[in-house]
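Visitor: Predicted model and sequence follow; I will ask about them next.
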Amino acid sequence: MKIAFIVGQFPVLSETFILNQITGLISRGHEVDIYGYRPNDISKVHPDVEKYQILEHTYYQPKIPENYFWRFLKGLGLLLSHFYKAPLVLLRSLNIFKYGKRAASMRLLYATIPLLDADPYDIIHCQFGIFALEGLTWRNIGAIKGKLITSFRGYDISWYVKERGEHVYDQLFTQGDFFLANCEFFRKRAIKLGCDEQKIVVHGSGIDCSKFTFKARYPHPNGTIQIATTGRLVEKKGIEYGIRAVAKVAKSHPKIEYNIIGDGELKEHLQQVIEELGIADKVKLLGWKNQKEIIEILDKTHVFIAPSVTAEDGNQDAPVNTLKEAMAMGLPVIGTFHGGIPELVKDGISGFLVSERDADGISEKLSYFIEHPEVWEQMGRAGRAYVEAHYDMNKLNDELVEIYCKIR
């Protein structure tokens, strides 16, 4: 099959779940093109980007000048130089009566340029509902052809709906061919918003379990307990509550270290919280790490925390891949009753769940883990088994191909 992926910034380390689908399709003999936005920083990328020569099949729209005069001049040049390829498509991209500001600002014209040389696709797979709205517009003006599939993954079906209103996806639900949600929590929400329940299924985000080796966890001979969290430093990840929980536990269990892997807008705030709590010697903000570096850190870790919360703007998480990776490596985990996380972590079996924004609850469960290391291996094995059964990348990529075949 010939498949187009419509994405946001690509490639980025925080979205390996998209890359996993792309490489899985390529390894199964399918042709994949990617349409997205050039990231600000590609100094750290997943090794599969080079291995599969992904960037050779990735197409970015021309850079749009902020100055409207220069934008118009550049847009006029693009229009004239590409007009022979698809005159009607380009003229439709400038239809301000139908496409409003996107046409008037010439953003739709700029976005259309990379699509003009593409042959029809069997499948147009839009990652996140927000980019499906773009994909639907491109298909409607004739810039791209194929069956349109949308994956809802989190902020697109939580924050974006709160921001733009509950009817934001009405046209997409009517004209889109099929929909995927990465957890039951978001599938039900899409149906509530108007998606035909016969046109949407749960299709989780997979990880390559073979790269995350299981290891039974035991206390370190020197008594130090290593804890970790991986995620963007944004509100919905709830990392501040993990920090406050560790600060509380450190009073009775001083041999504790907390490594936070990731970066984001709250970095300075979180560093300030760490300093105020007097635990700078115990809590480290490590910044972004590639997959190999993350695995090396988790290999030395005893407990993993994923303290996700519903952000003030409504943003919510699905069962996050970083949590799956930790569980696959045999780490007992602490998560929250949030979004799709209870579909991944079985409370009392593979870890513990606490309420959102409950630093005391996290500290209580963390203290229990420290005082009862005999439960680590059992919970770690339960977590590994569940991830293997439900989130193995290879099984899910086979399932994805089956879905494509049914609707193309």
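Guide: Received the coordinates, thanks.

Visitor: Name the surrounding residues that touch the one helix or strand in the chain whose mean pLDDT sits lowest.
Guide: Counting by mean pLDDT, DSSP states H and E, the chain has its least confident helix or strand at helix 47-51, which shows a mean of 86. Contacts with helix 47-51, where a contact means C-beta atoms under 8 Å, 6 or more residues apart in numbering, come from Pro11, Leu19, Thr23, Ile54, Leu55, Asn290, Gln291, Lys292. Backbone N, C-alpha and C define where each C-beta goes, glycine included.

Visitor: so how far is Ala389 from the second one?
Guide: Distance, Leu19 to Ala389, using C-beta to C-beta, to the nearest Å: 22 Å.

Visitor: Compare those two (neighbour count), which wins?
Guide: Leu19 (22 against 9; other C-beta atoms under 10 Å).

Visitor: helices and strands around the helix or strand hosting that one, which ones?
Guide: Using DSSP states H and E, Leu19 sits within helix 16-27. Under the contact definition 3 or more C-beta pairs under 8 Å, 6 or more residues apart in numbering; DSSP states H and E, helix 16-27 sits against strand 2-9, strand 31-37, helix 47-51, helix 393-407.

Visitor: Return it as CSV; C-alpha atoms alone will do.
Guide: The C-alpha trace of helix 16-27 is given here as CSV (Å, rounded to 0.1, in the frame of the first residue of the first chain):
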residue,chain,number,x,y,z
THR,A,16,8.3,7.6,19.0
PHE,A,17,4.8,6.0,18.7
ILE,A,18,4.4,7.7,15.3
LEU,A,19,7.9,6.6,14.2
ASN,A,20,7.1,3.0,15.4
GLN,A,21,4.1,2.9,13.1
ILE,A,22,6.1,4.3,10.2
THR,A,23,9.0,1.8,10.5
GLY,A,24,6.6,-1.0,11.1
LEU,A,25,4.8,-0.3,7.8
ILE,A,26,8.0,0.1,5.9
SER,A,27,9.3,-3.2,7.2
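
Visitor: got the buried residues for it?
Guide: By neighbour count on 16 or more other C-beta atoms under 10 Å, the buried set for helix 16-27 is Thr16, Phe17, Ile18, Leu19, Asn20, Gln21, Ile22, Thr23, Gly24, Leu25, Ile26.

Visitor: Stretch 286-303 now?
Guide: Going by 16+ other C-beta under 10 Å, stretch 286-303 has these buried residues: Trp288, Lys289, Gln291, Ile294, Leu298, Thr301, His302, Val303.

Visitor: Out of the helices and strands packed on helix 16-27, the one nearest His372 is which?
Guide: helix 393-407 (32.5 Å; C-beta to C-beta).

Visitor: starting at the chain centroid, how far to that closest one?
Guide: Its chain's average C-alpha position is 19 Å from that of helix 393-407, according to C-alpha atoms, centre = their mean, to the nearest Å.

Visitor: and what of stretch 241-250?
Guide: Its chain's C-alpha centre and that of stretch 241-250 lie 26 Å apart, by C-alpha atoms, centre = their mean.

Visitor: can you list contacts of it?
Guide: Taking C-beta under 8 Å, 6+ apart as the rule, stretch 241-250 contacts 227, 229, 256, 258, 260, 270, 273-274, 277-279, 282-283, 305, 307, 309, 357-363, 366-367, 370.

Visitor: Drop anything exposed from those residues.
Guide: Buried subset of these (neighbour count, 16+ other C-beta under 10 Å): 227, 229, 256, 258, 260, 270, 273-274, 277, 279, 282-283, 305, 307, 309, 357-359, 361-363, 366, 370.

Visitor: What about these, which are in helices?
Guide: Among the buried ones among the contacts of stretch 241-250, the members falling in helices (DSSP state H) are Leu270, Val273, Ile274, Ala359, Gly361, Ile362, Ser363, Leu366, Ile370.

Visitor: Any chance of those in JSON lines with pLDDT and distance to Glu399 as columns?
Guide: Formatted as JSON lines, these follow (pLDDT from 0 to 100; distance: C-beta to C-beta, whole Å):
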{"residue": "Leu270", "pLDDT": "97", "distance to Glu399": "37"}
{"residue": "Val273", "pLDDT": "96", "distance to Glu399": "41"}
{"residue": "Ile274", "pLDDT": "97", "distance to Glu399": "42"}
{"residue": "Ala359", "pLDDT": "97", "distance to Glu399": "38"}
{"residue": "Gly361", "pLDDT": "97", "distance to Glu399": "35"}
{"residue": "Ile362", "pLDDT": "98", "distance to Glu399": "34"}
{"residue": "Ser363", "pLDDT": "97", "distance to Glu399": "39"}
{"residue": "Leu366", "pLDDT": "97", "distance to Glu399": "36"}
{"residue": "Ile370", "pLDDT": "96", "distance to Glu399": "39"}
